[in-house]
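> From the sequence below, what's the structure:
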Amino acid sequence: ILGAWLNGNGFNTISGTSMASPHIAGAAALLLSVNNNWTPSQISSALEMTSTAELANDFDNSIATPHERGAGRPRLADAANAGLYLNETGANFANANPNIGGNPGNLNLSGLLNPDCMGSCGFTRTVTDMAGGKSWTTSASGFPAGVNVSVNPSSFTLGAGASRQLTITVDLGNAAVIGTWVYGDVILSATGVPDAKFTVAVFASGGDLPTEWNIATAANGGFRQFALSGLADMPQATYTSGGLVRPELDTEILAQDPSRDDPYDGGAGVMTKLLNVPGNALWLHTETLQSDANDVDLFVGRDTNGDGQPELAEELCSSTTPEDLELCDILNPEPGNYWVVAQNWESNGSNDPINLETAVITAATGSINATGPGIVRPGNAFDVQVAWNDVNAIDGELLLGAVGIGTHADRPGNIGVIPVYFHRNSIGSPQTLALFDGHDQSLALDGNSSHNLAFIDIPPGADELTISASAQSAGLNNGLGIELRRMDFASAFSSAPQALPSPGGVALASATGAGGNGPQLVVGGPTLQPGRWYVDLVNSSAESASVTLRADVSFSGQTVPVKGQLWISENRPGISQGIDYQTISTSHGLLWYTFANNHDPAWYLAAGTGPSGNIWNSELLRFTNDGANQQFEAVGRVSMTMLDTNDAIFSWNLFGASGSERMDIIAGEVNTCPTINDQATSVSGFWGKAQAGLGGASVLFLDSAHAEIHYLFDALGRPVWLQAAGGATDLTLTQFSGNCPTCANDPISSQDVGLLGHDYQSESAAQWDFDYQLEAPLSGDVDRVDNDVIKLSDVRVCE
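Residues are numbered from 1 along each chain as shown. Coordinates of the predicted model:
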């Protein structure tokens, strides 16, 4: 604020109430000199309701919001001629005290503030004439697109000194403003007098989220379901996840701060840590742990001026209880450099070790993932599944993660972020663990224990297998051992999808860590025969080990061609699920139609560059859909190990659970093409709409058989599939209910739900005509013609 000053040239620029208050007091005095019978309510109303936000900039020259500039800059000429005011009493101010149950938002003031506006929020104000009677109209100004503001009545007439109650409603509707403050003005206009305005500031809340989610487990992988409800409309529901990470612990010996009422003056009583928070951060966690000190305080701020020094003006969080345990969590933090100050406010009479724990959890592919429906209507209840995998936390260890809940893909986490506390309460017994060529995998191993369910399948053409393992310290590396054993494929799948235990006996190769390095083995030549190779881990230390395990396979032999076929389990052919494995130019693609843990049909997609040998693996994706566009989340990894053109092994890790199946081709290897337009036409393969986001199909179309698996989305945007089979023109669409890939083999059920008309015009173009209604618990009623259907996979040769 530029104003009169005592020294220098008589002017100075100062911010804050020290400059604003005398200006407003002077303005009020001038108004009172012109209108000497005005009450305090009339003076304050006139100043606020005729003010302007023009030229109001924040300290960094950004446009100031009502939070910084209030109603704005007074315009005394307009204020002196104001036509309306808001009457309020001192008694009402006293009764509005929140400490006695009052609500300041109900005061008859010009500011319309709501820090928790979900969907819509309303305000009631009573205006009183002081212009001798006028007719007024109302309008809204400055609100973001999609925000609708209404006033009831929208126009009104007041007699001299008369009053009228107004109801102002701010409807956030479908506006993309969730998680932000919405600002604007409600304007009241009449001829011959200045406009009057209400200043609006509402926070567009997406609803209340839990303060945290906790997972306590003994397992290296698994999932939990968490229920949410009462949230805003999520037309393109988005779930972002990050972690799990180990928090960093810093300890310093501190004396009691001699100037403990000022933690920002440095000195012997404080410790400072600087943290960089990237743009994809979900959660900045800071906490002081148990200490000998009687009282520790914690302060966190963003280094906005870049000097690397903490200061009060930058403070975002302070935790100053009379204890040693303090917590400052900042969710959805702005990117930048942050400082953390821990202060020994009261020692126990000596220097104390102060323990500061910090972590930055970013939204990135990690050891947890979060999934849910693609569409959530306002207030509806739904589940979010949080799965973890590759977690090598040891007994008693705490890891941190986070899940962001968003309304749209381009606004992830705008409803909020839920911290996830992962507690490793013990280390469970070994579980099936499929190893993937070229990828690290993690697990925890108890002291003086072993793991005999980790494996990798070696196909023909492999010439070298390299296995390495490491733990969290040199001492544990020295006590870590690996032993390789082999089992013939013919014997390996009697417990599919679970792996049999390692066959035991004398190891074909073994190694033990030495010199602080973990063990490594290389097997090749005649020793490396096709089969299931078990990587048995041995921890001979008494301490639990956080193990990272890796398998690498190299090839120089003949590559088995991938012909593009549908596959089902050899050992479990009746489980009504399978895969479609195709070549797509130089890439490979795999569609997996299976069932979710609640028995509903579910599908997943993997795609990536073709392999150099006979093992292909790729990240596994789950898709959701908002009715037009789809988004995906990585939920695991799959591999196809080709033993022959009609013999393969499909292994996976999905939602923290591993499994493996030996696979058979459906309907044989020969592509006996149907006759279309008087010529044999190769139809079988991946098909989909030319417009991405509306699913697709695995098509098996031979001269004597025709069946399809259609990958669709239900009314909640969840991935579901239907089988199509039957007649020459119309195929019956059937919905199945079954078991998840690693669940018990309960009975399979099915229900016909509609028809699929089809017209395959060539080997690359088709039309689909859908008419179906999904059965509960799914929902969805579709009557749609897809004209622009194209083949996505390579065209197979007719045989």
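
> Now do the buried residues in stretch 69-86.
Buried residues in stretch 69-86, counting neighbours by 16 or more other Cβ atoms under 10 Å, are found at 69-72, 74-76, 78-86. In short, each C-beta sits where N, CA and C put it, glycine included.

> Let me see the mean pLDDT of it.
Average pLDDT, stretch 69-86: 93.

> Now find how far off-centre it is within its chain.
Once both centres are worked out by Cα atoms, centre = their mean, to the nearest Å, stretch 69-86 turns out to sit 46 Å from its chain's centre.

> Neighbours of the residue nearest to Glu311 when sequence neighbours are not counted, how many?
Spatial nearest neighbour of Glu311, chain neighbours left out: Tyr264 (5.4 Å); criterion: Cβ to Cβ, 6 or more residues apart in numbering. For Tyr264, the count of nearby residues is 20 (other Cβ atoms under 10 Å).

> for the one 4 residues further on, same thing?
Neighbour count for Ala268, taken as other Cβ under 10 Å: 14.

> And the helices in this protein?
17-34, 40-49, 66-69, 76-80, 90-95, 474-478 (DSSP state H).

> which one of the ones you listed is the most hemmed in?
Stretch with highest mean neighbour count among the helices of the chain: helix 40-49 (a mean of 22; mean count of other Cβ atoms under 10 Å).

> Alpha carbons only: can I get that helix in PDB?
Only the C-alpha atoms of helix 40-49 are listed here, as PDB (Å, rounded to 0.1, in the frame of the first residue of the first chain):
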ATOM      1  CA  PRO A  40     -21.100   1.500  11.800                       C
ATOM      2  CA  SER A  41     -23.000  -1.100   9.700                       C
ATOM      3  CA  GLN A  42     -23.700   1.600   7.000                       C
ATOM      4  CA  ILE A  43     -20.200   2.800   6.900                       C
ATOM      5  CA  SER A  44     -18.600  -0.700   6.700                       C
ATOM      6  CA  SER A  45     -21.200  -1.900   4.100                       C
ATOM      7  CA  ALA A  46     -20.600   1.200   2.000                       C
ATOM      8  CA  LEU A  47     -16.900   0.800   2.000                       C
ATOM      9  CA  GLU A  48     -16.900  -2.900   1.300                       C
ATOM     10  CA  MET A  49     -19.800  -3.200  -1.200                       C
END
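
> any residues touching that helix, and which ones?
Applying Cβ atoms under 8 Å, 6 or more residues apart in numbering, the external contacts of helix 40-49 come out as 24, 27-28, 31-32, 35, 38, 70-71, 74, 79-80, 82, 84-88, 109-111, 130, 196-199.

> run the last query once more with 7 Å
24, 27-28, 31-32, 71, 74, 79, 82, 84-88, 110, 130, 196-197 (Cβ atoms under 7 Å, 6 or more residues apart in numbering).

> Mind listing what's buried along stretch 191-204?
Buried, per 16+ other Cβ under 10 Å, within stretch 191-204: Val193, Pro194, Asp195, Ala196, Lys197, Phe198, Thr199, Val200, Ala201, Val202, Phe203, Ala204.

> Now do the last one, the pLDDT please.
Think Ala204. 94.

> If it is in a bridge, with which residues?
Following DSSP bridges, Ala204 is listed with bridge partners Cys117.

> And it, how far from Gly101?
26 Å (Cβ to Cβ, to the nearest Å).

> so who does Ser546 touch?
Applying Cβ under 7 Å, 6+ apart, we find Ser546 in contact with Asn392, Ala393, Ile394, Ala444, Ala471, Gln472.

> So which of these sit within strands?
Members of the contacts of Ser546 lying in strands (criterion: DSSP state E): Ala444.

> Which residue ranges make up each domain of the protein?
The chain breaks down into these domains under automatic domain parsing: 2-85, 106-204, 209-428, 433-555, 562-799.

> Looking at those, spot the one closest to Phe93.
Phe93 sits nearest to domain 106-204 of all the domains of the chain, at 6.7 Å, using Cβ to Cβ.

> how far does the closest one sit from the chain's center?
36 Å.

> Which members of the buried residues of stretch 191-204 are positioned in strands?
Taking DSSP E, the ones among the buried residues of stretch 191-204 that sit in strands are Ala196, Lys197, Phe198, Thr199, Val200, Ala201, Val202, Phe203, Ala204.

> Now do the strands in the stretch 151-300 of the chain.
Counting by DSSP state E, counting those that start in this stretch, the stretch 151-300 of the chain has these strands, from start to end: 155-158, 163-171, 181-189, 196-204, 213-217, 222-228, 238-245, 248-254, 270-277, 281-288, 295-302.

> same question but for the stretch 451-600 of the chain, I mixed them up
Using DSSP E, counting those that start in this stretch, strands in the stretch 451-600 of the chain cover 454-458, 462-470, 480-487, 509-512, 520-524, 531-539, 545-555, 565-569, 578-584, 587-595.

> quick check: mean pLDDT across the longest one?
Think strand 545-555. Here the average pLDDT along strand 545-555 is 97.

> tell me which residues in it are buried?
When burial is assessed from 16+ other Cβ under 10 Å, strand 545-555 yields the following buried residues: Ala545, Ser546, Val547, Thr548, Leu549, Arg550, Ala551, Val553, Phe555.

> One more: the shortest one?
For strand 509-512, a neighbour-count test (16+ other Cβ under 10 Å) marks Ala509, Ala511 as buried.

> And that strand, what does it pack against?
Helices and strands touching strand 509-512, by 3 or more Cβ pairs under 7 Å, 6 or more residues apart in numbering; DSSP states H and E, are strand 480-487, strand 520-524.

> And the nearest residue to Thr13 once chain neighbours are set aside, how far from Thr304?
Closest residue to Thr13 apart from its sequence neighbours, by Cβ to Cβ, 6+ apart: Leu2 at 5.0 Å. Per Cβ to Cβ, Leu2 is found 23 Å from Thr304.

> now do Gly142
Gly142 is 26 Å from Thr304, by Cβ to Cβ.

> Run through who's touching stretch 377-384.
Residues outside stretch 377-384 that contact it (Cβ under 7 Å, 6+ apart): 119, 225-230, 232-233, 239, 370, 372-373, 376, 403.

> mind redoing it with 8 Å?
So stretch 377-384 is in contact with 119, 225-234, 239, 370-373, 376, 403, 405, 716, going by Cβ under 8 Å, 6+ apart.

> which one of the ones in strands among the buried residues of stretch 191-204 sits closest to Ala342?
Phe203 (30.8 Å).

> show me the contacts for the closest one.
Contact analysis of Phe203 by Cβ under 8 Å, 6+ apart lists Asn114, Pro115, Asp116, Cys117, Thr180, Trp181, Val182.

> Please apply the same query to Pro104.
Ala96, Pro98.

> Counting neighbours, which of the contacts of Phe203 end up buried?
In the contacts of Phe203, burial by neighbour count holds for Asn114, Cys117, Val182, counting by 16+ other Cβ under 10 Å.

> Which one of the residues you listed is nearest to Ala492?
Using Cβ to Cβ, Cys117 comes nearest to Ala492 of these, at 59.8 Å.

> separation between the closest one and Pro144?
Distance from Cys117 to Pro144, by Cβ to Cβ: 13 Å.

> anything in contact with each of the two?
Counting by Cβ under 8 Å, 6+ apart, the shared contacts of Cys117 and Pro144 are Val182.

> excluding its backbone neighbours, what's nearest Ala707?
Ala725 (4.4 Å).

> Surely that neighbour and Ser750 touch.
No. Ala725 is beyond contact range of Ser750, at 11.0 Å (criterion: Cβ atoms under 8 Å).

> Now the common contact residues for those two.
With Cβ under 8 Å, 6+ apart, Ala725 and Ser750 have common neighbours Thr734.

> Between the buried residues of stretch 69-86, which sits nearest Tyr581?
Arg69 (62.3 Å).

> which residues touch that closest one?
Shown in contact with Arg69 (Cβ under 8 Å, 6+ apart): Ala53, Ala56.

> re earlier: with distance to Thr138 added, can I get the buried residues of stretch 191-204 in TSV?
Listed next are the buried residues of stretch 191-204 as TSV, based on distance: Cβ to Cβ, whole Å:
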residue	distance to Thr138
Val193	15
Pro194	15
Asp195	10
Ala196	10
Lys197	10
Phe198	9
Thr199	14
Val200	13
Ala201	18
Val202	17
Phe203	23
Ala204	22
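
> Brilliant, that's me finished.
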